[in-house]
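Participant: sequence? don't have it. structure:
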């Protein structure tokens, strides 16, 4: 290789290394994306609650209920709080966020509510494994209360 | 009780029984709701893939990766196929569905692709438990291929 080619190759490699490094420390997701993700997470929970409700009120399907309960629990345990950083008080994901500004201030109470939600969701997976429709219905009621507790204080009514 | 009160009580009970029965066999979700739920499910997967990607390319966080992997696997295993009944070929959830009509015809291949997605997602939870960033990155690549395989054939490009 002559010198100019060597210089070209070296500088190209340097650019690639920098580009890779920048990719490695990619910018965090935009507020709109975080809001869309959290709106999506609650809809997936809604889907799974609806499936369990349909099962306990109609033809009970143990496998279906178990799958649904595991989805709810995995999302409840996945760190939804990371989708509410400062800067996401307002903004449009799929639609305008319905979060109330108090959620970003009442960190202790929100953490407690979040822990209750996880606890009841995890309990639902255990109850679901038992296959007793009435017990699942009762546990679903407990879970729904933890949803409502948070919505009452931190979600604008639609 | 006199006769008119008895009649009132009996007819009220009859109405309640009918109302309960109707609730028990509630109408299935509308196509628009099913489409919204499946669009949400893929966004929750996107969130969790993004978290794992950020971890393997930046500061590795074993707990974060494990939570994210479990969310992806729970959704992959939860029966996403039930969100694609006949009648949901077109329609608007959060937005117009991007599904191609072929998905509703190629049931065997779609089931195979779905099984591959679940397999690689379940494997990712195991690899994540090991805490080796490079191994997680490699497994995330395998998972991403199963996403792409389905998108290539059954999702309209955006």
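Facilitator: The structure has been received and is ready for your questions. All figures in this text were calculated on a predicted structure; none of them were measured in a lab. Numbering: from 1, shown residues only, chains lettered A, B, ... in the order given.
Participant: Scan chain A for its longest helix.
Facilitator: Longest helix in chain A by number of residues (criterion: DSSP state H): helix A:31-57.
Participant: That one and chain B in contact?
Facilitator: Yes: contact of helix A:31-57 with chain B (Cβ under 8 Å from any Cβ of the partner chain) involves A:36-37, A:39-41, A:43-44, A:46-48, A:50-51, A:54, A:57. Where C-beta positions appear, they are placed from N, C-alpha and C, glycine not excepted.
Participant: With respect to residue A:135, which of these is nearest?
Facilitator: Distance to residue A:135 across those (Cβ to Cβ) is lowest for residue A:57, with 14.4 Å.
Participant: Read off the pLDDT value for that closest one.
Facilitator: At residue A:57, the model reports a pLDDT of 94.
Participant: mind checking how far it is from residue A:151?
Facilitator: Noted for residue A:57: a distance of 22 Å to residue A:151, by Cβ to Cβ, to the nearest Å.
Participant: At the contact with chain B, which residues of chain A appear?
Facilitator: Close to chain B, as judged by Cβ under 8 Å from any Cβ, chain A has residues A:23-26, A:28-29, A:36-37, A:39-41, A:43-44, A:46-48, A:50-51, A:54, A:57-58, A:64, A:67-68, A:70-71, A:73-75, A:77-79, A:82-83, A:94-95.
Participant: contacting residues for the nearest residue to residue A:68 once chain neighbours are set aside?
Facilitator: Closest residue in space to residue A:68, ignoring its immediate chain neighbours: residue A:48 at 3.9 Å, by Cβ to Cβ, 6 or more residues apart in numbering or on different chains. Shown in contact with residue A:48 (Cβ atoms under 8 Å, 6 or more residues apart in numbering or on different chains): A:68-69, A:71-72, B:78.
Participant: Out of those, name the ones that lie in helices.
Facilitator: Among these, the members found in helices (DSSP H) are A:68-69, A:71-72.
Participant: Out of those, which comes closest to chain B?
Facilitator: Among those, residue A:71 lies closest to chain B (Cβ to the nearest Cβ), at 4.4 Å.
Participant: ok, that closest one - how many residues close by?
Facilitator: Residues lying near residue A:71 (other Cβ atoms under 10 Å in any protein chain shown) number 28.
Participant: my guess is it meets residue B:72, correct?
Facilitator: No: Residue A:71 is beyond contact range of residue B:72, at 10.7 Å (criterion: Cβ atoms under 8 Å).
Participant: and residue A:53, how many neighbours does it have?
Facilitator: 18.
Participant: any idea how far it lies from residue A:68?
Facilitator: Residue A:53 is 10 Å from residue A:68, where distance means Cβ to Cβ.
Participant: And residue A:103, by the same measure?
Facilitator: Using Cβ to Cβ, one obtains 26 Å as the distance from residue A:103 to residue A:68.
Participant: tell me the contacts of residue A:40?
Facilitator: Neighbours of residue A:40 in contact, by Cβ under 8 Å, 6+ apart: A:93-94, B:39-41, B:43-44, B:47.
Participant: Format those residues as CSV; extra columns: distance to residue A:115 and pLDDT.
Facilitator: What follows is the contacts of residue A:40, written out as CSV (distance: Cβ to Cβ, whole Å; pLDDT from 0 to 100):
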residue, distance to residue A:115, pLDDT
A:93, 25, 98
A:94, 27, 98
B:39, 29, 98
B:40, 24, 98
B:41, 25, 98
B:43, 25, 98
B:44, 20, 98
B:47, 21, 97
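Participant: Just the buried residues out of the residues you listed, in PyMOL syntax.
Facilitator: Buried residues among the contacts of residue A:40 (16 or more other Cβ atoms under 10 Å in any protein chain shown), as a PyMOL selection:
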select buried, (chain A and resi 93+94) or (chain B and resi 39+40+41+43+44+47)
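Participant: need the contacts of residue A:40 in TSV with distance to residue B:138, can you?
Facilitator: Output for those, formatted as TSV (distance: Cβ to Cβ, whole Å):
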residue	distance to residue B:138
A:93	31
A:94	33
B:39	29
B:40	28
B:41	25
B:43	25
B:44	23
B:47	21
